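Participant: next one to model:
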Amino acid sequence: MTKPKGFEKPVGVRDYVPYAVDKLRMIERNVLECMSRWGYRQIMTPTMEFYETVGVASSTSDQKLFKLLNHRGTTLVLRSDMTSPIARVVSSLLKEDPLPIRLSYHANVFRAFEEEAGREAEFFQTGVELVGDDSPDADAEVVALAIESLKAAGVATFKIAMGHVGFLNGLFEEVLNGRDNEQEALKKHLLDRDYVGFRKAIQDLVVTDLQRIELEGILRLRGGKEVCDQAMELTGHALARESISHLCKVWEVLEAYGVSEHVLIDLTMIGDFSYYTGMTFEGYAAELGFPVCSGGRYDNLLRQFGRDVPATGFALKTNRILDEVKGNVEEAKRPVLIKYSPARRKEGLEHAARLRKEGKAAVTQILQGDNEEQEAFSGLYDQVETFY
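Facilitator: The predicted structure is shown next:
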């Protein structure tokens, strides 16, 4: 007989003890309030969705989806992101709402990873979707809001790296026209940040020396606005040049927001190339070596739900901020402890009720012994008030 489980949990999930929940809720509240000030209204969607709709439309690869069957044998999935469920709602319940639509969310999402990867299977995301606007101003708005949201979450020092899928698609098509497998292999190296593998793959390609120089030049396209001019000199492909022109306009809007100091252009960054269609970005905290937010434009997604409108957005990786970033997140307020003797129970409970009406936290405790009121002050409480 198998020994019953005691304290074990499935791999990839975790418990949140009170102080962690306090910090998580504080981050959630501060970030959602920030998003609300920018006109984004909060939305909630189900934890479970149909595999044939939201599951298929998701950017998450099929093998990373948690699937289950309902009593009718229909395949369901635990949501792996919030973008696809929101696209479903925008295309159905909100289909009569005027565009653009601005929505925010905070939710847990689920992705299956290999056990040895040490990654969480359930985690939290806080983000926004801006639907119905394909302008550079819309892309700049979500980048600027991501910057303000990171500050609201308590991330003190960070950089946003911004790229464009169209630039790489155009340049690869120019150099490797019709050679789809080789294009995808190079994109995979960039997606994995495997620049050594990228250079080696270029050396193995059957291309001219000029084309090899053009491909290797991608790795130098990181920096400020000057990268736009450098990229224009590297390629003559119409899509690539149009994409760079769009990215330059986004940069100009970010300058108008006064946040360009937090941003760098990185044309080696491609994001999930099967999902994003335009500008993409990632945010890196100084304390961490991996992203604390990511986002970009995904103009083709809503078409899968019958509403062909452009969209852009981002998500904060809230768990990473919770666990690793030591920012300006205020400490949770401690309650007042009210002790009372049996004879003064009514007074003690009435006092606790008054404090709660004033918005303060109060904990009550009955005094059982003659000397219990002399107990040492507990660090759990802001102060102790005694009725005896």
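Participant: mind listing the helices for the stretch 101-250 of the chain?
Facilitator: With helices called from DSSP state H, counting those that start in this stretch, the stretch 101-250 of the chain shows them at 136-152, 165-175, 180-191, 195-204, 209-216, 226-234, 238-257.
Participant: give me the neighbour count for residue 193.
Facilitator: Neighbourhood size, residue 193 [other Cβ atoms under 10 Å]: 10. To be clear about C-beta, it is placed using only N, CA and C from the backbone, and glycine gets the same treatment.
Participant: ok, residue 44 next?
Facilitator: If we define neighbours as other Cβ under 10 Å, then residue 44 has 11 of them.
Participant: and it, helix, strand or coil?
Facilitator: coil (DSSP: H, G, I helix; E, B strand; the rest coil).
Participant: kindly reformat the helices of the stretch 101-250 of the chain as JSON lines containing mean neighbour count and distance to residue 297.
Facilitator: Below are the helices of the stretch 101-250 of the chain laid out as JSON lines (neighbours: other Cβ atoms under 10 Å; distance: least, Cβ to Cβ, whole Å):
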{"stretch": "helix 136-152", "mean neighbour count": "24", "distance to residue 297": "6"}
{"stretch": "helix 165-175", "mean neighbour count": "22", "distance to residue 297": "8"}
{"stretch": "helix 180-191", "mean neighbour count": "16", "distance to residue 297": "17"}
{"stretch": "helix 195-204", "mean neighbour count": "14", "distance to residue 297": "24"}
{"stretch": "helix 209-216", "mean neighbour count": "14", "distance to residue 297": "24"}
{"stretch": "helix 226-234", "mean neighbour count": "16", "distance to residue 297": "17"}
{"stretch": "helix 238-257", "mean neighbour count": "19", "distance to residue 297": "9"}
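Participant: can you redo these as TSV with distance to residue 68?
Facilitator: Compiled in TSV, the helices of the stretch 101-250 of the chain are given as follows (distance: least, Cβ to Cβ, whole Å):
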stretch	distance to residue 68
helix 136-152	32
helix 165-175	33
helix 180-191	29
helix 195-204	37
helix 209-216	44
helix 226-234	46
helix 238-257	40
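Participant: for residue 383, find the nearest of those.
Facilitator: Proximity to residue 383 (Cβ to Cβ) singles out helix 136-152 among the helices of the stretch 101-250 of the chain, at 29.8 Å.
Participant: packing partners of the closest one?
Facilitator: Helices and strands touching helix 136-152, by 3 or more Cβ pairs under 8 Å, 6 or more residues apart in numbering; DSSP states H and E, are helix 18-37, strand 122-131, strand 158-164, helix 238-257, strand 279-285, strand 291-297, strand 311-317.
Participant: with just CA atoms, put the second one into CSV.
Facilitator: The C-alpha atoms that make up strand 122-131 are tabulated as CSV, following Å, rounded to 0.1, in the frame of the first residue of the first chain:
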residue,chain,number,x,y,z
GLU,A,122,1.7,27.8,-11.2
PHE,A,123,2.6,31.4,-10.9
PHE,A,124,1.1,34.9,-11.0
GLN,A,125,1.0,37.5,-13.7
THR,A,126,-0.2,41.1,-13.6
GLY,A,127,-0.6,42.8,-16.9
VAL,A,128,-2.6,44.8,-19.4
GLU,A,129,-4.0,44.4,-23.0
LEU,A,130,-4.6,47.4,-25.2
VAL,A,131,-6.9,46.3,-28.0
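Participant: residue 270 looks like it's in a strand, true?
Facilitator: No. Assignment of residue 270 by three-state DSSP gives coil, placing it outside any strand.
Participant: quick one: residues contacting the residue lying closest to residue 244 once chain neighbours are set aside.
Facilitator: Counting by Cβ to Cβ, 6 or more residues apart in numbering, residue 244 lies nearest to residue 231, which is 4.7 Å off, once chain neighbours are set aside. Residue 231 makes contact with 167, 221, 240, 244, 267, according to Cβ atoms under 8 Å, 6 or more residues apart in numbering.
Participant: name the helices or strands packed onto the helix or strand residue 347 falls within?
Facilitator: Remark: residue 347 resides in helix 345-357, with elements defined by DSSP states H and E. Identification of packing neighbours for helix 345-357 by 3+ Cβ pairs under 8 Å, 6+ apart yields strand 336-340, strand 362-366, strand 383-387.
Participant: residues in contact with it?
Facilitator: Identification of contacts with helix 345-357 by Cβ under 8 Å, 6+ apart yields 336, 338, 339, 340, 361, 362, 363, 364, 366, 385, 387.
Participant: now the buried members of those residues.
Facilitator: Among the contacts of helix 345-357, the ones that count as buried by 16 or more other Cβ atoms under 10 Å are 336, 338, 339, 340, 362, 364, 387.
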